[in-house]
Each structure stands twice: as C-alpha cells, then as structure tokens.
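A.B. asks: Structural data only, the sequence is not supplied:
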C-alpha cells in the first residue's frame, strides 16, 4: 500500500469487514492473526467477540486499537510490526487478510501464502480477499492479482467454504475493483 499510515487514519472506526461478520456469526475460534490490520477495526471486533488476536502490520499504530478496547481485551491482543515478507507467524485457528495480501511483495507472495497455511492449526480458517485479474491495479507491478484459475490453485489445499467473486467501480474515483471474498478451512 502506497500510503499505509494515511489509509489507517482514513479508515479508523470504519465499518468492519462484512466477510468477518459473516464468518464469526457462523464459526467460533479462540485465536486469530489479522495480517495487515491497518487501523484495527477487525481486531477490535474480534476482541469484542472473545478472540485472542495478534495484530500484524508493517506500519503498526497500536494506539488505534488500544484506544478502543477494555483492559480485559488488552490482555488478549499482541502486536507484530513486520512486513509480510519477513514475518514469522504463530499458530492460530484463524488468519484474516482483508485487502492486504495483494500488497505483499510479488516475488514473496507464494512463500507468504505457504506460511499462512502452515501457521493455521488443522481445521483452522483463512478469511480474506485476493484481487482478481481485472482489478484496476492489475498493471501495478507491486500489486498481486490473480485469475480465477490461479485463485483455485491457491485454494487447492483448503476446503473452500465461501468463494465470492465481486466486481464494481468505486463512485468516488472510478477505481475498478475485482476481488474474491474467501473463507477456507485447512483440513
């Protein structure tokens, strides 16, 4: 992401990912890692649902999370300030990545994707988005986009519980969005 700090400030207190709400309405987990947690909206939501969360971001702003949680919730959150390319993930039942993994260094993406799978406990879940090949940022060499066949390949080791393809133009600036909402379970 080009201006991660600006993005975090802009999205502070924004709506929580509908995909996360959908997931937590149906599944219970005790531990999670939020990759590219940004301003922490999803971290706060998971904490309020009793989940122990590791918040990870390369430009981590802990105060965005700490200012909104109770003392009890503070005891269930940890922070990792590290880029995806050099992270070492603890084991977890849930790993989330809401519009963040597409900004992983493209040469490191497959290594990072494998690390996500390896960090999940058996029966654990990946919940997040990956950009499709018609996304407006597809020409940017620093952004990962994928064809449907590539998405299917990335998810081949998982039991896919939800795979929704979405495509629309953002009215504010006309940016074309093409992405996949993913909920997948490690066997």
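C.D. replies: Structure received. All values derive from a computational prediction rather than experimental measurement.
A.B. asks: Tell me which stretches of the protein form strands.
C.D. replies: Defined through DSSP state E, the strands belonging to the chain, from first to last, are 31-35, 52-57, 77-81, 92-97, 120-132, 145-146, 159-169, 176-185.
A.B. asks: and the ones you listed as a markdown table, adding mean pLDDT, mean neighbour count and distance to residue 46?
C.D. replies: For every residue, glycine as well, the C-beta is placed using N, CA and C. Converted to a markdown table, these look like this (pLDDT from 0 to 100; neighbours: other Cβ atoms under 10 Å; distance: least, Cβ to Cβ, whole Å):
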| stretch | mean pLDDT | mean neighbour count | distance to residue 46 |
| --- | --- | --- | --- |
| strand 31-35 | 98 | 25 | 5 |
| strand 52-57 | 98 | 24 | 5 |
| strand 77-81 | 97 | 16 | 9 |
| strand 92-97 | 98 | 24 | 8 |
| strand 120-132 | 98 | 20 | 11 |
| strand 145-146 | 98 | 20 | 26 |
| strand 159-169 | 97 | 12 | 18 |
| strand 176-185 | 98 | 19 | 15 |
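A.B. asks: Save those as JSON lines, and put in distance to residue 63 too.
C.D. replies: Formatted as JSON lines, the entries for the strands of the chain read as follows, by distance: least, Cβ to Cβ, whole Å:
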{"stretch": "strand 31-35", "distance to residue 63": "16"}
{"stretch": "strand 52-57", "distance to residue 63": "12"}
{"stretch": "strand 77-81", "distance to residue 63": "11"}
{"stretch": "strand 92-97", "distance to residue 63": "21"}
{"stretch": "strand 120-132", "distance to residue 63": "24"}
{"stretch": "strand 145-146", "distance to residue 63": "33"}
{"stretch": "strand 159-169", "distance to residue 63": "32"}
{"stretch": "strand 176-185", "distance to residue 63": "29"}
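A.B. asks: nearest to residue 67, of the ones you listed?
C.D. replies: For the strands of the chain, the distance to residue 67 is smallest for strand 77-81, at 12.3 Å, taking Cβ to Cβ.
A.B. asks: neighbouring strands for the closest one, and are they parallel or not?
C.D. replies: On the basis of DSSP bridges, the sheet neighbours of strand 77-81 come out as strand 52-57 (parallel).
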